[in-house]
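Student: The amino acid sequence is not available; the structure is as follows:
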């Protein structure tokens with residue numbers, strides 16, 4: 001039969017906007033086995049466009065690996081602690097994009113476990129984690145393992161600070177951000193940070209007090225314990241009272 005106006009618009013969209021060739025469109029059409037008509041073909045082409053598949057070979061390879069992708073998606077969801085009866089949306093929306101960026105099966109399974117442990121146990125949150133890693137050029141398993149080891153070291157250091165301050169709580173992303181600012185951006189020496197922790201003991205909201213102490217060091221370009229003691233006119237490891245506005249309730 002003759003094509004309708006709507007079907008001609010579909011064809012123009014496939015060829016002009018999506019840049020599919022006639023031969024590729026025919027290959028996709030044949031894969032439908034005469035089921036669903038032009039609407040099914042339009043849905044299939046739109047799906048391949050979203051997946052970034054534009055040649056017959058890319059589409060063929062994707063379909064050959066479909067069973068493997070479903071198995072991998074199931075394992076990722078298992079590691080995240082979630083369940084989907086239909087895994088095709090997981091493959092189409094997330095998994096294919098992760099694989100295109102260069103993450104291996106092993107890396108994705110490892111990161112799914114990492115996301116579960118760090119309360120990023122949804123596909124959307126895992127996607128955010130992977131996007132951050134990708135922007136930093138961290139795709140291979142060795143690079144990501146080193147990155148996570150560095151994070152664990154930071155968490156251990158923050159736990160040590162909490163113990164000195166008498167805090168019993170979880171480490172938040174805000175805590176990590178502050179610690180990273182102190183050590184990496186402001187270059188506060190380890191011994192000076194340790195001194196700041198010591199003089200923050202016993203204070204109300206000691207971690208907030210510590211942040212103010214370290215900020216004061218940074219603003220006044222204090223880099224040694226001697227300079228800090230001179231600034232506050234204190235002996236070693238005594239507890240200064242900073243000029244802070246307070247209010248009693």
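Tutor: Received, thanks. Small disclaimer: the values here were computed from a predicted structure and weren't measured.
Student: For the residue most central in space within the chain, what is the enclosing helix or strand?
Tutor: Central residue of the chain (C-alpha atoms, centre = their mean): residue 129, 1.2 Å from the mean position. Assigning secondary structure by DSSP states H and E places residue 129 in helix 123-135.
Student: Determine how far that helix lies from the middle of the whole chain.
Tutor: Centroid displacement of helix 123-135 relative to its chain, using C-alpha atoms, centre = their mean, to the nearest Å, is 3 Å.
Student: so what secondary structure elements neighbour that helix?
Tutor: Judged by 3 or more C-beta pairs under 8 Å, 6 or more residues apart in numbering; DSSP states H and E, the packing partners of helix 123-135 are helix 66-80, helix 96-100, helix 105-117. Every residue, glycine included, has its C-beta placed from N, CA and C.
Student: Could you pull out the buried residues of stretch 113-126?
Tutor: Neighbour counts over stretch 113-126 (16 or more other C-beta atoms under 10 Å) mark 114, 115, 116, 120, 121, 123, 126 as buried.
Student: ok now that stretch, how far from the chain's centre?
Tutor: Taking the mean of its C-alpha atoms, stretch 113-126 sits 9 Å from the chain's own mean (C-alpha atoms, centre = their mean).
Student: now stretch 90-107
Tutor: For stretch 90-107, the distance to the chain centre is 14 Å (C-alpha atoms, centre = their mean).
Student: ok, and for it, which residues are buried?
Tutor: For stretch 90-107, a neighbour-count test (16+ other C-beta under 10 Å) marks 90, 91, 92, 94, 95, 96, 97, 98, 99, 103, 105, 107 as buried.
Student: Name the surrounding residues that touch that stretch.
Tutor: With contacts defined as C-beta atoms under 8 Å, 6 or more residues apart in numbering, stretch 90-107 is touched by 47, 50-52, 62, 66, 69-70, 72-73, 76-77, 84, 108, 111, 123, 126-127, 130, 134, 139-141, 144.
Student: rewinding a little: next SSE after the helix holding residue 129?
Tutor: helix 141-165.
Student: For that following helix, give the mean pLDDT please.
Tutor: Confidence for helix 141-165, expressed as mean pLDDT, is 93.
Student: just to revisit the earlier point, would you mind listing the two of the buried residues of stretch 113-126 that lie farthest apart?
Tutor: Spanning the widest gap among those are 114 and 123, at 14.2 Å by C-beta to C-beta.
Student: shaky segments in the chain?
Tutor: For the chain, applying pLDDT under 70 flags the ranges 232-249.
Student: so how far is the first residue of stretch 46-64 from its last?
Tutor: The straight-line separation of the ends of stretch 46-64 (C-alpha to C-alpha, to the nearest Å) is 19 Å.
Student: in that stretch, what's buried?
Tutor: By 16+ other C-beta under 10 Å, the buried positions in stretch 46-64 come out as 48, 49, 51, 53, 54, 56, 59, 62.
Student: Centre of the chain to that stretch, how far?
Tutor: Centroid separation between stretch 46-64 and its chain, computed with C-alpha atoms, centre = their mean, is 26 Å.
Student: Quick one: residues in contact with that stretch.
Tutor: In contact with stretch 46-64 (C-beta under 8 Å, 6+ apart) are residues 18, 19, 20, 23, 24, 27, 28, 31, 92, 96, 97, 100.
Student: can you tell me which of these lies nearest to residue 168?
Tutor: Using C-beta to C-beta, residue 97 is the member of the contacts of stretch 46-64 that lies nearest residue 168, at 40.1 Å.
Student: Tell me how far the closest one lies from residue 108.
Tutor: 11 Å (C-beta to C-beta, to the nearest Å).
Student: thinking again about what came up before, contacts only, for the residue nearest to the centre of the chain.
Tutor: Counting by C-beta under 8 Å, 6+ apart, residue 129 has contacts 111, 114, 115, 120.
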